[in-house]
Each structure stands twice: as C-alpha cells, then as structure tokens.
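Chemist: predicted model and sequence follow; I will ask about them next.
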Amino acid sequence: MATFQDNYCGLTWMTTILVVVGIVLQNSIVTAAPYYGKRIGTLSSYAHRVAGDVYAASDKRLYLTGFTYDGRGPDAFVWMGNTPTGAASSQGQIISADGSSDILGSYSNAVVQVDLPDSTTLADYKWISIWCRRFAANFGELVFPTDPAPVPKSLGTLGFPSPVHGVRADDVIILNNRQIKLVNLDYDGNGPDAYYWAGSGGTPTSSGFALADESRGGSLTKLPRGTALTDVTVTLTVPANRGDIGSIGYVGLWCVAFSQNFGHVVIPSLSELGVPVYDDSPPVTNAPVVTQAPPQANENCQVLIDDTYQVRWSLTDTSAIQISLSARINPGTYMAFGLSGSDTRTLMIGSDVTVAWLDAETGAMPKAVDYHLSAYQQCVTSSGSGACTDELSQPSGSNDVTVGDYSNNNGIITISYTKPLDTGDTNTDKVIPINDDVYVAWSIGPINPSGLAAKHRQQPTSDVPINFGQTGVTCPAFTTGQTEKLEPWVIPTIRGDMTGKTEFRVDIGQAGGQQGYEGITGKPGWGIAWYVDDYIIPVLTLRRGVTYTFIVQGGNEANIQARYHPFYITNDAEGGYIQKTAQETQGVEIYAGPVNGSLCEWRSTGAYNADDFDTFVKYRDAELERVCDDPFKTATLTWTPDENTPNRVYYQCYTHKFLGWKIDIIDNDADTSTMKSGDSGKGDTSTMKSGGTNMPKTTAAGWVTQGNKLSIITTVIISMMIFWK
C-alpha cells in the first residue's frame, strides 16, 4: 500500500516548486474590518446616554458607529440642519436612519446608516443631532468640521527612476476603500507574466494577489504579452474575497513567473486616507431585522421546499434574468440555485449555481456569488476542484452575478440578484434557456469560516424542472415564525488520562447537521468529520509522557480527494495543511502524522435527517452504518506528548479543512480535575507507521458494522465517561 510519503514527499524538486507557486496564486479569503468612511467626529452627549462616532461614507451617506441611545425620548430623531450658529436647533429636518423616518428606539453600541435626502449633500449641512422635536431638546450633537465629506487620495507617481519594462504612471489615486486608479500608465507589454498586483506589507512579494482590471471587464488574468500601454488610465478593484484596501500595503505591477517588481507605491492605512466607501454601501451591523425594503415579488415562482424555500424570477430584458431566493434560514446560511449539471435530470456535479447569503454576524451584507461544482467535495483551492467559486475554479471563470435587494423579516431571508442569460464564460457557466424546461439544482447549507459554501444540509430528492419563460405561476405566502435553532449534541470526552486507554480507532463519518460538527465547533464543515471510537469529534484528554496509538482508516486514494483524508495532530484549529499557502503555514506545527489507511466511513442510509435526533447515539444507531473498503488495511500513528506539547492541540485532516477537533494535554502527575489552557508550543516524540494490520475494535461483517451493535463492554465504558464541559 502506498504511504503518504509516497504520495507527497516523493515529488521532484521541480514539481514542488510548481505546487508552491500554484498554492500561492490561489484566492484565499480575507475578511476586512468594516470600513465606514472618513471619521468626522464624536457625538457630544447631553441626555439619554447618547454616544457614538460619526463617519462620512460619501457626500450622501453617514454612519453612526458605536451608537447608543436609551430610547426614552418621546419624539426623537436623527436631525440635521445648517443654522448659521453651527449648533443644533429646531431649524432642522428628520433624516432617515436605517431607511426609516420613525421615532428612534433604543440602541446599544449599534451602527446606524444615515442617508441624506436626494436633493442634498453633506455640504448642505453644518451639524447632526439626536433631537427631540416635541420639546426642542438636543440629546447629543456633532458640529461638522470644514470639508467633512471624503474624497479620493493621491499617492503620487508609480515606477522606478529607471523604469522596468517602461512602467510609469503620473498618479496613483485611491478612489475608495476597494478601488485604485492608475493615471496615464505606460508599460511596454513585454513582461512574460505581468499582473496588477497588491498584498500586505510595503514591498511586493509572490504572496500577493491579482487586482481586477475594470478596463478588461474586471479580469484577474495577466496582462496580454505584446500589448503596450501608453497614457492609459486604469481602474483596479480589490476582489471581494480579498477584503479591501485596508488589507493591503502596496499596489503595482508584478511578474509572477520571475518574481519581479515592475514598480509599486506604498498604501497608507484607510484611517489615514479617509476615502469614500466603495459603491457607497458598506455593511449595516444592527440586529437582523429588515434592513432594506423587501424586494418586489417577481411574477413567477416555484416552491423548492414547502414553507421553507422558494425561487422567483423575471426576465429584465432578452439578455438577463432577475432571480429572488427566499428561505426560512438564519444569516450565515446560504441558498444555492442554478442550472443542473445534466440536461436530463437534477445533478449537483457539473452544476452552475449562484450561492447567496447574509453575513452571520450582522444579519446584513448580502452576497451572491457564481459557483461551479466540479466534484462532490469542499473547494480545494490549490487545484480549483470541488464546490468552488467561478474565480477559484480551474479552469477559472468570473463572477457574473450582480447582487440586488435583500430582506430579513420574520425568519425569512430574501436575496435578489441578476445574471446574464449568456455570460460568455464557457469554462464555468451555462446558457440559461427561456423557452423550454430546464433542470435546476439547489441546496441550503452553511458558509464556512473561509467564506466558501460548505456541504449542503438540504438538497433535491427528485428532479426539478423549470421553464423560465412561463408566466402567471405563484407561490403561497410563508407562514410566520423564526427558524428553530437546534442545540448541539453532547459528545462524551474520551479520557485517555484516567482510564488507561491508549488506543483509538479513527474513521470518517457524517457531520451530523446543525447539532453535529457545526453545532459542537461553531464552524461549518463539509458534511464529513472524524469519528473516534464511534463518536463524532469527541474531545480527547491525554497525558504527557504516555504513548498513544491511533488506528486510522481515512482513505488512501490520493487521486480522489473525497476519499482521501490523512490524519494528523497539529496546533492548527482548522486543518487542511495541504491547502495552505506558505504564509498560512507559518506558526503551524505538525506533532504527528499524517497517516491514512484504507477508507472506513460511517455512511448515511438516507432514511432519516440528522436534525431529527436529540442525541448523536440515536442518530448513529438509526441512520448510519460503518462501511470499509478493507478493514485490514489500516494505518497506525503512535504519539507521545511531551513537555513541549501545547496544552491544546487538534486532530485534523491533511487535505481538507474543518473535519477534526480538540485534544487536551495534561501533565502525567496532574490531578485530572485540573485543566490547563494554551495554544502554543512545539515538539513531540511521535513515530509513524502505515499499512499495519491492527484490527479495529469493532469488526465488520461483510465490511459493514451497524452502529447499534455496540458491545456490552463498550456500553459500560461509555456510561462511565466524564462529559467535557
């Protein structure tokens, strides 16, 4: 049997270089801190606990951040005026707060969006106040400084004194928090692998990323070789999955193939720049209520799940379609919808879908992203395979979806978006027909911490045809009521520290819906997770100086990612080491492994839904069966935690993120009631063997072991375990 070293460590030096370069070039996800624009001051506080800072996103929009008001004023509003004294007075007007002109309620450390009337700009006002109209009382105010509105910022010329490939621009202008303009750019076009480039730090490196060139339709691809630029003005955009200008420290031109800097400028912090907000629409971070007017109902509708999921559509013209997805979900859960991967049935593999969701923390910030599902697995960014965005897929495409209105009301989230019927993207998109039935694919599931779609919780159980050209089809209204939040299952801690247990069996199994991996860890996974001794991701408690053995069957088919899960122990809470860039592996330690063995998997029979069970044991015994390719082909990992091992480490999958969980390490002479905390440290005394013949504790009859056939001894041991709290 091929070992993990055979699969990875036997690469030639040239292959290794190519792999590293490929990983570096992938689009990892960066979440930028919210940017609200130019800070123009702090509200004074006169009454009712008014507090907060005022930011100008543009000359038409303000944000109150950290806003607090006790809501006890009888007739209070956001109030603005331009009286000559410069102080708030009754000679003002009500200004919309979060889209409403109603009397203000109570706020605590909130973010409030303040939109000026269409006929005015910030220059028409001298102050803002929290004002009680009935009693002409000023609860708090800010008098504006001179020129409060944000404006683009010039950074000066681009290029070296002796230009490389003729690169020079008369000016680099930061237009807003995501866009940069290069004015009168020159470039001889002879660079072999040139990109518009940005990254962290003050000097370009290969760990940077490409910027979208708006003059080429938002392309992230390299500049055409042989095409010179002379006095060309170019607008560049930081891709949405890279955050914003606050995440970068330079911008310039870079040759990827030869790691050559053609010229760059250093970018100050956003707080120093004080530029407008991109597209004048940063996030609103109040509680998840209706943050915009609900989208207008489209004429045509189809129910995907009764009282849970609906799709509406209308043809905006002969070239595009507007789609509204509505579902009984929480923020942080996506709705996916699009064309099937097959012309004759509903099929997820090969499908072209849009994934839409609201930000989990704010209940706002709608996203709608083009996805291509090339394989039934999480997106492997190093190869562009799996459930990947069009931009991450290989061969890559572009995000051709434009997000529109959204609402979040009574437990129903609605997000609208527009997409061309024919995007011209033959790599990742399909042409949407409007005159015939077409099979569609849909799903509902969580967005993982990397900002990518994780494995669905719900999907079609039969074929779903739709004719986008039909008219007059309607859906029933949703019933009222919030989405039920299920409590995570309680999984017993496996105590290798006090029971004398030193051997563990490790398999792959189902992630267990909202109560399983996601509920236990607080992180969406990809539908599978490690099972240790027949339990989903239990916490392990081990002692330093004691040698432990893990009998692993994670799959050894390296060419099929969905059946290849090498097991290892690390200080990294998310795992997936092979997916990480060189920068992302800094500080990551591997204490033991990886090893794999043939695949043993706790498979679902399809009879029940995981969310229907209040305990994991009930779910496992009723719904899962353990199926092994070959239970004799195991891999054995032995590991002895020592004095340098951190108090908290993790067991993970080397090829996929978010499959494992915690190992708590205590001193050999420690009282087991005393637990230490800490997440740093290094060193171990691990050894590795693969292809061993140790049998799992539960044997397989016909390679299948039913979950409900636990031995009496195992049951007794489980009943004695101490639950981790």
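Modeler: Yes, it's here.

Chemist: give me the residue at the spatial middle of this structure.
Modeler: Within the chain, the residue whose C-alpha comes closest to the C-alpha centroid is Gly451; the distance, by Cα atoms, centre = their mean, is 1.0 Å.

Chemist: need the pLDDT of that residue.
Modeler: The score at Gly451 is 81. That number is its pLDDT.

Chemist: would you list every one of the helices in the stretch 501-650 of the chain?
Modeler: Using DSSP state H, counting those that start in this stretch, the helices assigned to the stretch 501-650 of the chain run over residues 517-521, 616-623.

Chemist: please identify the most buried of these.
Modeler: Mean neighbour counts were compared across the helices of the stretch 501-650 of the chain using mean count of other Cβ atoms under 10 Å; the top stretch is helix 517-521, at a mean of 24. Using the backbone N, CA and C atoms, a C-beta is placed for each residue, glycine as well.

Chemist: name the surrounding residues that touch that one.
Modeler: Around helix 517-521, the neighbours that count as contacts under Cβ atoms under 8 Å, 6 or more residues apart in numbering are 446, 486-489, 491, 511-512, 523-525, 529, 536-537, 658-659, 661.

Chemist: what distance do you get for the residue nearest to Val172 when sequence neighbours are not counted to Gln179?
Modeler: In this structure, Val172 finds its nearest non-sequential neighbour in Leu155, 4.4 Å apart by Cβ to Cβ, 6 or more residues apart in numbering. With distances taken as Cβ to Cβ, to the nearest Å, Leu155 is found 13 Å from Gln179.

Chemist: between those two, which one's more packed in?
Modeler: Summary of the neighbour comparison: Leu155 and Gln179, criterion other Cβ atoms under 10 Å, with Gln179 having more neighbours (22 against 16).

Chemist: residues in a beta bridge with the more buried one, which ones?
Modeler: According to DSSP bridges, the partner residues bridging Gln179 are Thr237.

Chemist: pretty sure it sits against Asp279.
Modeler: No: Gln179 is not in contact with Asp279 according to Cβ atoms under 8 Å; the separation is 9.1 Å.

Chemist: where do the strands sit along the stretch 1-150 of the chain?
Modeler: Assignment of strands within the stretch 1-150 of the chain using DSSP state E, counting those that start in this stretch yields the ranges 38-42, 51-56, 61-69, 76-81, 92-94, 96-97, 107-115, 127-132, 137-143.

Chemist: compare the ones you listed and give me the one nearest Gly597.
Modeler: The minimum distance between Gly597 and those falls on strand 107-115, with 50.3 Å, by Cβ to Cβ.

Chemist: contacting residues for Gln515?
Modeler: For Gln515, counting by Cβ under 8 Å, 6+ apart, the contacting residues are 486-489, 610-611, 613-614, 616.

Chemist: which of the helices of the stretch 501-650 of the chain has the lowest average pLDDT?
Modeler: When mean pLDDT is averaged over each of the helices of the stretch 501-650 of the chain, helix 517-521 scores lowest at a mean of 89.

Chemist: roughly how far is that helix from the heart of the chain?
Modeler: 16 Å (Cα atoms, centre = their mean, to the nearest Å).

Chemist: for that helix, output the C-alpha coordinates as CSV.
Modeler: Only the C-alpha atoms of helix 517-521 are listed here, as CSV (Å, rounded to 0.1, in the frame of the first residue of the first chain):
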residue,chain,number,x,y,z
TYR,A,517,-19.8,19.2,13.7
GLU,A,518,-21.3,22.7,13.1
GLY,A,519,-23.0,22.9,16.5
ILE,A,520,-20.2,21.4,18.5
THR,A,521,-17.4,23.5,17.0
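
Chemist: before we move on, back to that, could the helices of the stretch 501-650 of the chain go into CSV alongside distance to Ala320?
Modeler: Formatted as CSV, those follow (distance: least, Cβ to Cβ, whole Å):
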stretch, distance to Ala320
helix 517-521, 35
helix 616-623, 43
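
Chemist: out of those, nearest to Asp572?
Modeler: With Cβ to Cβ, the closest approach to Asp572 among those belongs to helix 517-521: 13.6 Å.

Chemist: part of a helix, is Ser206?
Modeler: No: the secondary structure assignment for Ser206 gives coil rather than a helix, going by DSSP: H, G, I helix; E, B strand; the rest coil.

Chemist: next one, pLDDT for it please.
Modeler: According to the per-residue confidence, Ser206 scores 85 in pLDDT.

Chemist: I figured it hits Ser259, correct?
Modeler: Yes: if you go by Cβ under 8 Å, Ser206 and Ser259 touch, sitting 5.1 Å apart.

Chemist: look up phi and psi at Val234.
Modeler: For Val234, the backbone dihedrals (degrees, to the nearest 10) come out as phi -120, psi 140.
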